[in-house]
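[1] take this sequence and fold it.
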Amino acid sequence: MTRITLLLLGIAVLSSSSSAFADDEKTAKSAPKKPAMTAAEADADFALQGEYTGEIVEDGNKFKLGIQVIALSGGKFRAVGYPGGLPGDGWSGEKKVKVEATRDGDTVTFDSDKGRGVLSNGVISIQDADGNEIGKLKKVTRRSPTLGKKSPKGAVVLFDGTSPDKFKRGRMTEDGLLMQGVTSKQLFGDFTLHMEFMLSYMPYARGQGRSNSGIYMQGRHEVQILDSFGLEGKHNECGGIYTVKDPDVNMCFPPLSWQTYDVDFTAARFDENGKKTSNARMTVKHNGVVVHDDVEVPKSTTAAPVKEGPDKGPIYIQNHSNPARFRNIWLVEKNAAKETVSVDDDKG
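    Here you go, the predicted model:
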């Protein structure tokens, strides 16, 4: 482990000049525990949560560093440091460093004898053990390169913000977003899919209770949807093929950010007697990064609404009692186009 990685253990003081953090701790801890779908509905901690990246200089050498700051409710935070940069943007895969602390007024203190960082106005000033500044990390808002991607000619547009009628039990918000818990009326075989989703801000929740949903290919094979910002990146977290495979990297953005899935799906094959001859396969891009590359999916997801079989199936978006929002959902059936639209060929 490098000295820079060790320094992450000493991320020390995260502070903000925002007057919102002047609220006393009692008010913060007694805030109602309900999901927020906009920044205006979020608590005072929301402004600190997010991604920070920059360079640190040590002994004349520059090192890129990424930090994800996660709100845990009631003024509590977790900071996760990534040597090399944020996931999908330089992280070397070297062991992450995690530190937790509680906000005191306008500051959150993560302290050790290795150094400290001071976050003010969207910048973390990293200091060594002697108090010397050795770098600054700026807050960044990353955008998926496929966000807003337009449907090509011949695509089946399932939702474009005008009507939820392509789905059974389709519900739409006043501002034109699809709500969770819907099943497409049309059934599909092999396809490439694009969808955009936004997770609710639920800092008080943990694990599978934090903005949980999922999208099921043919109603059978689930790519998990969850606020797993800053977590380990498991099969039951955002980007995972549920019960089958962890994503290669956890590309989950902070809640209330728009995110994308681009999926190239090939259905399982069956012979004339109904015996399966090959498993389903899928390639998945999460926020523009391949997290599953032609992965074999040998079974249906636990509790999938459609059993695996030779027939086509729907696109199903799960309702797990947590609000999430969706937009720009379309797919191209492979047997309905002269040229297959490949996830790997996507240029954003």
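
[2] partner residues bridging the closest residue to R169 other than its chain neighbours?
    Using Cβ to Cβ, 6 or more residues apart in numbering and skipping the chain neighbours, the partner closest in space to R169 is V182 (5.5 Å). Bear in mind the C-beta positions are built from the backbone N, C-alpha and C, glycine included. Taking DSSP bridges as the rule, V182 bridges to I317.

[3] please list all residues in contact with V182.
    P164, F167, K168, R169, G170, R171, Y316, I317 (Cβ atoms under 8 Å, 6 or more residues apart in numbering).

[4] so which of the residues you listed is the closest to D89?
    Using Cβ to Cβ, I317 comes nearest to D89 of those, at 28.2 Å.

[5] okay, now the closest one: neighbour count?
    A count of neighbours around I317, defined by other Cβ atoms under 10 Å, yields 26.

[6] low-confidence ranges, the stretch 1-150 of the chain, go.
    Low-confidence segments of the stretch 1-150 of the chain (pLDDT under 70): 1-32, 104-114.

[7] ranges for the helices of it?
    For the stretch 1-150 of the chain, the helices defined by DSSP state H, counting those that start in this stretch occupy 3-8, 25-29.

[8] before we move on, back to that, where does the residue nearest to R169 land on pLDDT?
    If you check V182, the pLDDT there is 98.

[9] contact partners for R220?
    Counting by Cβ under 8 Å, 6+ apart, R220 touches A280, S300, T301, A304, V306, K307, E308, G313.

[10] inside strands: which ones of the contacts of V182?
    If you go by DSSP state E, the contacts of V182 have F167, K168, Y316, I317 in strands.

[11] now list the buried members of those.
    In terms of neighbour count (16 or more other Cβ atoms under 10 Å), the buried residues within those are F167, Y316, I317.

[12] okay, these in a markdown table with distance to L331 and pLDDT next?
    Output for these, formatted as a markdown table (distance: Cβ to Cβ, whole Å; pLDDT from 0 to 100):
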| residue | distance to L331 | pLDDT |
| --- | --- | --- |
| F167 | 13 | 98 |
| Y316 | 13 | 98 |
| I317 | 13 | 98 |
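
[13] what is the end-to-end distance of stretch 308-319?
    Using Cα to Cα, to the nearest Å, one end of stretch 308-319 lies 20 Å from the other.

[14] using the three-state scheme, assign the residue nearest the centre of the chain.
    Nearest to the geometric centre of the chain sits C252, at 2.2 Å (Cα atoms, centre = their mean). Classification of C252 by DSSP: H, G, I helix; E, B strand; the rest coil places it in coil.

[15] nearest residue to it other than its sequence neighbours?
    Nearest non-adjacent residue to C252, counting by Cβ to Cβ, 6+ apart: C238, 4.1 Å away.

[16] that neighbour is in contact with D227, isn't it?
    Yes - C238 sits in contact with D227 when judged by Cβ atoms under 8 Å, with a separation of 7.2 Å.

[17] residues that sit against both of these two, list them.
    Here C238 and D227 share the contacting residues L199, C252, scored by Cβ under 8 Å, 6+ apart.

[18] from M282, how far out is the residue nearest to the centre of the chain?
    For C252, the distance to M282 equals 18 Å [Cβ to Cβ, to the nearest Å].

[19] cool, and N132?
    49 Å.

[20] please say which of these two ends up with more neighbours.
    Neighbours were counted for N132 and for M282 using other Cβ under 10 Å; M282 has more, 23 against 9.

[21] what helix or strand does that one sit in?
    Per DSSP states H and E: M282 is located in strand 280-286.

[22] what's that strand packed up against?
    Packing partners of strand 280-286 (3 or more Cβ pairs under 8 Å, 6 or more residues apart in numbering; DSSP states H and E): strand 221-225, strand 258-266, strand 289-297.

[23] and the buried ones among the ones in strands among the contacts of V182 as JSON lines, adding distance to V156?
    Listed next are those as JSON lines, based on distance: Cβ to Cβ, whole Å:
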{"residue": "F167", "distance to V156": "12"}
{"residue": "Y316", "distance to V156": "15"}
{"residue": "I317", "distance to V156": "15"}
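
[24] so how far is K150 from the nearest residue to Q186 once chain neighbours are set aside?
    The shortest distance from Q186 to any residue other than its chain neighbours is 6.5 Å, reached at V156 (Cβ to Cβ, 6+ apart). As judged by Cβ to Cβ, V156 and K150 stand 14 Å apart.

[25] touching, A268 and S278? I think so.
    Yes - in this structure, A268 is within contact of S278 by Cβ under 8 Å, at 6.4 Å.

[26] between these two, which one's more packed in?
    A count of neighbours by other Cβ under 10 Å puts A268 above the other of A268 and S278, at 21 against 11.

[27] who does the nearest residue to that one once chain neighbours are set aside form a beta bridge with?
    Sequence neighbours aside, A280 is the residue nearest to A268 in space, at 4.4 Å (criterion: Cβ to Cβ, 6+ apart). Beta-bridge pairing for A280 (DSSP bridges): V297.

[28] over to the one 4 residues further on?
    Taking DSSP bridges as the rule, V284 bridges to V263, H292.

[29] isn't it up against T260?
    No - V284 lies out of contact with T260 (Cβ under 8 Å); the separation is 10.5 Å.
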